[in-house]
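J.: Below is the sequence, then the predicted model.
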Amino acid sequence: MSIQLGGVCQPGTTRANKTGGWRTFRPVYDYDKCIKCKLCELLCPDMAVLPRDDGFFEFDYDYCKGCGICANECPKEAIDMVLEEK
Ligand code: SF4
Ligand code: SF4
């Protein structure tokens, strides 16, 4: 994507840029520990935590940047950050 003079981007580019490629570590759920408190969904800065019909969550790896906030803030340590394999 080229950026115009002045750094102004066209609207809608956030969805077009799949930022998951920036990730070094990927979050992985341990559903046996999860209590469905929703903190991971609320705190993810990229809205990359998606609710499932069963009340648990899953990651949208197209956009998750691997920042680790969800894993750090989970009260039950139900999210592991594992080294990304490309
Ligand atoms: S923050 Fe942890 S316990 Fe809460 S919903 Fe997310 S994974 Fe489950
Ligand atoms: S690692 Fe960061 S970007 Fe990825 S789901 Fe967790 S909080 Fe969101």
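T.: Arrived safely. Ligands and ions are numbered 1, 2, ... in the order given.

J.: isn't L43 right up against C70?
T.: Yes: contact criterion CB atoms under 8 Å: L43 and C70 qualify, at 6.4 Å. Placement of C-beta: from N, CA and C, glycine included.

J.: between these two, who's got more neighbours?
T.: A count of neighbours by other CB atoms under 10 Å puts C70 above the other of L43 and C70, at 25 against 14.

J.: residues from this protein in reach of ligand 1?
T.: 29, 34-40, 57, 74-76, 78-79 (CB under 6 Å from any ligand atom).

J.: Now that we have those, which of them are buried?
T.: Y29, C34, L39, C40, F57, C74, A78, I79 (16 or more other CB atoms under 10 Å).

J.: what's P27 in contact with, if anything?
T.: Neighbouring residues of P27 by CB atoms under 8 Å, 6 or more residues apart in numbering: F59, C64, G66, G68, C70, A71, I79, D80, M81.

J.: distance between the ends of stretch 18-31?
T.: End-to-end distance for stretch 18-31, by CA to CA, to the nearest Å: 26 Å.

J.: Buried residues, that stretch. List them.
T.: When burial is assessed from 16+ other CB under 10 Å, stretch 18-31 yields the following buried residues: G20, R23, F25, R26, P27, Y29.
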